[in-house]
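In: Provide a 3D model corresponding to the input given below.
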Amino acid sequence: MACFRSVSRSRVDHLNDPTTVLSYVAGTLADSVHPMTLALLLDRDRRVLSVLRVDNTTDHDDVFTVAEIVVGGAAQRNDFSAVALASIRPGWRGDLGDLDDVDRWLELDDEFHLAGLELVEWFVFGRRLSLPRELVGEPPRW
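Out: Next comes the predicted model:
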């Protein structure tokens, strides 16, 4: 199920580095025992406008469904320009990262770029944190 969540400090909280994003979503992550994906919709100054939470993203390719929802929302609004994703995969080992996430990152990046959005980061949480952008060898976008 997908739902947009209002952000109480919309247009106030700047997400300018990965640590800030992690602290921003920490409550959701701490309570999560089920797979989900979050999309943080950011304005040009990297302030959070809205958070999309999609539950039961059990298949790793479900992140593409989340991207489609975000891109569809972008067509309706013109106030957000960037996206940070966080996929929660409870129990997933991901010791070396999921090499398929490299392909997913590239495809997501292209899809968002075509919609005029920047994919800033994609955090993949399992037993450890994986950043597919790093697996691709791309520099940080913060």
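In: which residues does the spatially most central residue of the chain form a beta bridge with?
Out: Centroid-nearest residue in the chain, with C-alpha atoms, centre = their mean: residue 85, separated by 0.4 Å. Beta bridges link residue 85 to residue 39, residue 122, judged by DSSP bridges.
In: And it, how close does it get to residue 20?
Out: Residue 85 is 15 Å from residue 20, where distance means C-beta to C-beta, to the nearest Å. Using the backbone N, CA and C atoms, a C-beta is placed for each residue, glycine as well.
In: and what of residue 111?
Out: Per C-beta to C-beta, residue 111 is found 25 Å from residue 20.
In: One more: residue 45?
Out: From residue 45 to residue 20 the distance is 13 Å (C-beta to C-beta).
In: Repeat that for residue 132.
Out: Taken as C-beta to C-beta, the span from residue 132 to residue 20 is 19 Å.
In: low-scoring pLDDT stretches of this protein, where are they?
Out: Along the chain, the model assigns pLDDT under 70 to residues 1-13, 29-32, 93-97.
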